[in-house]
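S.K.: Just a sequence and a predicted model for now, questions to come.
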Amino acid sequence: MRSLVTVVSVVHLVAAAVDVHSVLHKTTARYVPGSYLVGTNGNTHLARGFASPHAELEHDLRKRGVAYTITRVFSDSEIWNGATVRVDDPSDLVEVAQAAGSIHRNYIRELPATPASDGGTSNPVVSDTFSTHQMTGVDKMHAKGIFGNGITIGIIDTGIDYTHPLLGGKFGAGNKVIGGYDFVGDAFNGTNTPHPDDDPLGQCAGHGTHVAGIIGANPNNPFNISGVAYQSSLNAYRIFGCTGGTTDDLIVAAMNRAYKDGNDIITMSLGGASGWTEGVTSVVASKIASMGRVITISAGNDGQYGAWYTSGPATGINAISVGSVDNNVYPFQTVIDSTGRSIPYNAALPIANGTFRVYALSTNTSITDDGCHPLPSSTPDLSAFLVLIRRGGCDFTNKLANAAAKGAKLFFIYDNIDEPPISIDVGDYNAVPISKEDGEYLVNNTLKKNGTVTFVNRITNIPSSTGGLMSSFSTYGPTFDMYLQPSLSAPGGNIFSTWPVSMGSYRVESGTSMSAPFIAGAAALVLQVKGKTPDNARSVRTILQNTASYIPNSKDSNALLESAAHAGAGLVQVYDACYSTSMMSPAELLLNDTTNFAGSHSVTITNNGTKAVAYTITHLAAGTMPTINGTDYIAGSRHTVDQIPHISAPASVTISPSTVTVQPGQSATVSLTFKAPTGLDPKTLPVYSGFIQAKGDDGSTLHSIYLGAAAALKDQKIIDRTDEWLGFQVPFIANISDNPAPGPTTFSMKGNDTATMVFRLAFGSPEVLVHLVNSETNVTSTQRRSFETKLRARSPVGRNLKDALAGPLAPRHGLLDIFSPDTIKLKLNANVTTSPTLGVVFAQDYFPRSSSDPQNQDQSLYFQIPVDTFANGTTVPDGSYKLWLQAWRVDSAQVESWLSPKFTIKRD
């Protein structure tokens, strides 16, 4: 269900410290305990005489005496082969690592939280439910009879309610939803045992059905909506149950299955904080795209956390990561009062049927605490009324509870200020917000005339003051390894689409979950026009980026262009993409940071048309974003129109030549020399971007995006050492009272009396280790090791785009480095006299930064590490210790470290 929340500025929320006592020692594991994705060793099985890589893996596990269960097998795939291995005895993990080609924790992923609506106005206009199609040129494609015919799209989500009449009503060959697979069953919650079957029907969670409608909803319906590519065929791959999350191995299994089933396009609206292009789901997505399939993934709904907070698997290098643009209109339902006035309210379907008398808790339209106290005994039975309540003075649910105590069942809450439409937390009450103007009209006119209101099933579209701008919830990039995120953007704010029939059939939702399937539909139209060959599929992202329209940062006439780190290439223009006869590549020019600045680039314009085109090449700068203010990330807000401020501080570009004429079937190359903007404070970690535009004499326009950071990423501090977020200086060892242990502390390791380290990361780290060391150990705060070469070999910081786009089959660095026998020998078994570390209790590579979520709702505000076992699963014995936290900086051999106070483990 959509989350409805009051409009509260995040700036105010983050000023208060979190109540650590309410959240410490809760289960915060984001991975399945004991479960690992184990990659097989290529073709070594052939030389050893095994029938398959999996037979080789199982032989090696048995030979090493590992107690294991294989819960999922990935075989016969061009994408990724391996198995999900559950280890019964954690101490056997070393042996698993020795037998594996690669090993990754099996992380739990959630559907992105649905954000509330952004701004708008309250003046109804003539209905236009095709607003998103008109914003993007889809309406022109439909006018030409292009609907995605012959294209198959795989949707990896919560399943689809294919019984919905707009989604065909049936399942199987010859229908809209032609196939798919249910990997999990209704009862799956992300941690229990899945029960798969061949029917991907999803009727208890609506997310996948909403996605399916954006792509494929049939036209000629009462709401006059249609999918972007409604003649395409759909396959549904269900990886979520009715509640809870899913796991990385299920995501990989679904991607493998969708690829093997021959889908031309695969779309996923899921993910979690990542920040890096590495990670098994991101790498698999990238590999699928490199094999000639289009894959679109939601960029994330974390705009309120600021920049450098990208989501995986959208960070896959070759995947299309999609940001969200607000719809030009809000689709609202309508009531008609007895004077004939139409009053819109924020719902997709009528919240009631019939005609109701109006009752206001107060006829004073200036009251500041309407409904905040129990209603007087003289209040009539309110069960037959539409009850009006003014906003302000207390929680909405408190107001509603007081009215419900007198029988009220149906509510309008009217605003106390003139502002765009809002969303509110109403709990389980049948209540919706309306504008201040409409609420006062009902009180001062309808009520005084003993009038009524009638609920009619009529959509009224209200213009949005933020229509065409980036949604404030849309995630900001770039990645920590300086890749562009998102690739481009599409309508995702206030989208009307299908919903499971049993749950109401229709719904308005917002999120990059809505924009990703829009791009999947757009890609289907492109492939129908240009042909669905692997080469065309590989070029879809470039074509969509080349032809996207620029997005301003605001509605001001002199507004800067939105940063590419928020909007990508801009708003998709499907008609232009389908009928563009030229292409400009590469579409992304990565300038890197100041240490690794890559100022020399070139773009190639290829004319696939039948006539020569003369192009004029120019530079269009986007706004530059200072992303950090002191120790805080400058954040937009999930619930307001605020965005990260943009300033005019452009890069400079020398273009040679500035004009080219490209003959049919020929190409021309333009050299570009960039200079990073000057005069910026590197402590604010500014991100700059812009566009190289090629304007043709045939009226066409193409562009490539450039992106850079006007600071050295290696200088960004990793370990947060402030008390700003938790009220305590971090890192610290928490005692049984959830306070920082003031000195040497003894833990019984029973219940909450467990040694737990709490820390935050101020920036992403390619590797984080927590060592257990002798209690008398002292280590320096900064260390160096031979890590720089290894990091540069796998990171685009220091390698060119061509190499980066090759798309590795698996991360080059992973848990194997921690769990391999040689490493364990050094880090776990070494004598303390020759090595400071007794063992590694926590290890993770490609670590995201901590969020700025004051409620820690996604358990990412801080990280807590219980010190009961080593990373390989063996129990930490009784004794006196310290913890040694190490976090590597980006593109640097420099390691930040923190040494804890002494503590003792003494079990009874």
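M.R.: Thanks, I have the structure now.

S.K.: make it CA atoms for all contacts and neighbour counts henceforth
M.R.: OK.

S.K.: count of residues packed around Gly65?
M.R.: For Gly65, the neighbour count with other CA atoms under 10 Å is 12.

S.K.: May I ask you to confirm that it belongs to a strand?
M.R.: No - Gly65 is assigned coil when assessed by DSSP: H, G, I helix; E, B strand; the rest coil, not a strand.

S.K.: is it true that Ile343 touches Gly439?
M.R.: No - with contacts counted by CA atoms under 8 Å, Ile343 stays clear of Gly439, the gap being 9.0 Å.

S.K.: can I see the domain layout of this structure?
M.R.: As given by automatic domain parsing, the domain ranges for the chain are 10-25+714-905, 131-328+467-711, 331-460.

S.K.: closest to Ser102 out of the ones you listed?
M.R.: Proximity to Ser102 (CA to CA) singles out domain 10-25+714-905 among the domains of the chain, at 6.3 Å.

S.K.: Return the distance of Trp429 relative to Gly393.
M.R.: That one is not Trp; residue 429 is Tyr. Note on Tyr429: its distance to Gly393, by CA to CA, to the nearest Å, is 19 Å.

S.K.: How about Ala734?
M.R.: Ala734 sits 38 Å away from Gly393, going by CA to CA.

S.K.: Between the two, point out the one with more neighbours.
M.R.: Ala734 (25 against 14).

S.K.: The nearest residue to the more buried one once chain neighbours are set aside: how many residues sit nearby?
M.R.: Ranked by CA to CA, 6 or more residues apart in numbering and with sequence neighbours excluded, the top spatial neighbour of Ala734 is Pro740, at 4.6 Å. When counting by other CA under 10 Å, one arrives at 18 neighbours for Pro740.

S.K.: What separation do you get for Pro740 and Tyr881?
M.R.: Separation of Pro740 from Tyr881 (CA to CA) stands at 16 Å.

S.K.: just checking, Gln573 touches Gln134?
M.R.: No - using CA under 8 Å, Gln573 is not in contact with Gln134; the gap is 9.6 Å.

S.K.: For the two, indicate the residue with more neighbours.
M.R.: Taking other CA under 10 Å, Gln573 and Gln134 do not tie; Gln573 has more neighbours (24 against 14).

S.K.: Could you pull up phi and psi at the residue nearest to Thr869 when sequence neighbours are not counted?
M.R.: Sequence neighbours aside, Thr875 is the residue nearest to Thr869 in space, at 4.3 Å (criterion: CA to CA, 6+ apart). As for Thr875, its main-chain torsions (degrees, to the nearest 10) stand at phi -70, psi 140.

S.K.: pLDDT of stretch 367-377, averaged?
M.R.: The average of the pLDDT scores along stretch 367-377 is 96.

S.K.: scratch that, stretch 79-94 is what I was asking about
M.R.: Across stretch 79-94, pLDDT averages out at 76.

S.K.: same question, stretch 49-68
M.R.: On average, the pLDDT along stretch 49-68 is 79.

S.K.: now swap in stretch 722-734 and tell me
M.R.: On average, stretch 722-734 scores 87.

S.K.: buried residues in it?
M.R.: Buried positions in stretch 722-734, judged by neighbour count with 16 or more other CA atoms under 10 Å: 724-726, 728, 730-734.

S.K.: Residues contacting stretch 71-83, please?
M.R.: Under the contact criterion CA atoms under 8 Å, 6 or more residues apart in numbering, stretch 71-83 has outside partners 37-40, 53-54, 70, 84-86, 249, 253, 256, 260, 284, 287-288, 809.

S.K.: Same question for stretch 187-197.
M.R.: Around stretch 187-197, the neighbours that count as contacts under CA under 8 Å, 6+ apart are 32, 108-109, 181-185, 240-247.

S.K.: Put the alpha carbons of it into PDB.
M.R.: Output of stretch 187-197 as PDB, limited to C-alpha atoms (Å, rounded to 0.1, in the frame of the first residue of the first chain):
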ATOM      1  CA  ALA A 187       4.300 -17.100   1.800                       C
ATOM      2  CA  PHE A 188       7.900 -16.100   1.000                       C
ATOM      3  CA  ASN A 189       9.200 -13.100   2.900                       C
ATOM      4  CA  GLY A 190      12.800 -13.000   1.900                       C
ATOM      5  CA  THR A 191      14.200 -15.300   4.700                       C
ATOM      6  CA  ASN A 192      12.000 -18.400   4.600                       C
ATOM      7  CA  THR A 193      11.900 -21.300   2.200                       C
ATOM      8  CA  PRO A 194      10.400 -20.400  -1.300                       C
ATOM      9  CA  HIS A 195       7.800 -22.600  -2.900                       C
ATOM     10  CA  PRO A 196       8.100 -22.100  -6.700                       C
ATOM     11  CA  ASP A 197       5.600 -23.000  -9.400                       C
END
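
S.K.: Can you give me the neighbour number for the closest residue to Ser667 other than its chain neighbours?
M.R.: With sequence-adjacent residues excluded and distances taken as CA to CA, 6+ apart, Ser667 is closest to Thr606, at 4.2 Å. Neighbour count for Thr606, taken as other CA under 10 Å: 19.

S.K.: Tell me the helix or strand right after whatever helix or strand Asn536 lives in.
M.R.: For Asn536, the host element (DSSP states H and E) is helix 534-547. For helix 534-547, the following helix or strand on the C-terminal side (DSSP H and E) is helix 564-567.

S.K.: Mean confidence (pLDDT) on that following helix, please.
M.R.: Averaged over helix 564-567, pLDDT sits at 98.

S.K.: Now do the contacts for the residue nearest to Ser667.
M.R.: By CA under 8 Å, 6+ apart, Thr606 lies in contact with 582-584, 662, 665-668.

S.K.: at 6 Å instead, please
M.R.: Thr606 is in contact with 582-583, 666-667, counting by CA atoms under 6 Å, 6 or more residues apart in numbering.

S.K.: biggest separation within those, which pair?
M.R.: Met583 and Gln666 (11.1 Å).

S.K.: out of the two, which sits in the more crowded spot?
M.R.: With neighbours defined as other CA under 10 Å, Met583 and Gln666 compare such that Met583 has more, 25 against 14.
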